[in-house]
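Engineer: build me a model from this:
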Amino acid sequence: MYDYSELFIVLKMPAETKKILVAEDDGSMRMIVTKRLAAHNFQLVEAEDGQKTFDLWQKELPDLVLIDIMMPEMNGFQVIEKIRALSKPELDKSKVIVLTNLWSQENIDRAKELGIDGYIVKAYMTTEEIAKKVEEVLAEK
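Structural biologist: You can find the predicted model right below:
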């Protein structure tokens, strides 16, 4: 018979895995970004067009949506506008980072109007910097 009274096992529970919806029509870019985010232990969902992004956002309730602006079916801004128009608190909890090569002040201003949590120009960021930005935004209250 064993005496378990002196046996203490401390389990460090992993932090809650955050779910990220990566909405990017360029398959290569989507793969590169998702591989980097997977290395940071995020749960990932992928969409290659605006309509699929809209549908998955409602179904998956991601913690963060990393969304391109220029996509088929609906552009990223249209997706965000449609989600916001639903006025569902569970959808509004998702943080949003725009990941695009469009860097005009007009697009940045439109993103701000939509309450975006971050704006990344792909050409100026490495995938590691993108992952760090995702972590920063998710850490914000």
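Engineer: now the strands for the protein?
Structural biologist: When assigned using DSSP state E, the strands of the chain occupy the ranges 19-23, 43-47, 64-67, 95-100, 118-121.
Engineer: deepest-packed of those strands, please.
Structural biologist: strand 64-67 (a mean of 26; mean count of other CB atoms under 10 Å). (C-beta placed from N, C-alpha, C; glycine too.)
Engineer: excluding residues flanking it in the chain, which one is nearest residue 17?
Structural biologist: Counting by CB to CB, 6 or more residues apart in numbering, residue 43 is the residue found nearest to residue 17 once chain neighbours are left out, at 5.0 Å.
Engineer: how close does residue 53 sit to residue 45?
Structural biologist: 10 Å (CB to CB, to the nearest Å).
Engineer: oh, I was asking about residue 25
Structural biologist: 15 Å.
Engineer: repeat that for residue 135.
Structural biologist: For residue 135, the distance to residue 45 (CB to CB) stands at 18 Å.
Engineer: what does the lowest-mean-pLDDT helix or strand in the chain contact?
Structural biologist: None of the helices or strands of the chain scores lower by mean pLDDT, DSSP states H and E than helix 89-92, at a mean of 93. Identification of contacts with helix 89-92 by CB atoms under 8 Å, 6 or more residues apart in numbering yields 57-58, 61, 83-84.
Engineer: run the last query once more with 6 Å
Structural biologist: Contact with helix 89-92 is made by 61, 83, as judged by CB atoms under 6 Å, 6 or more residues apart in numbering.
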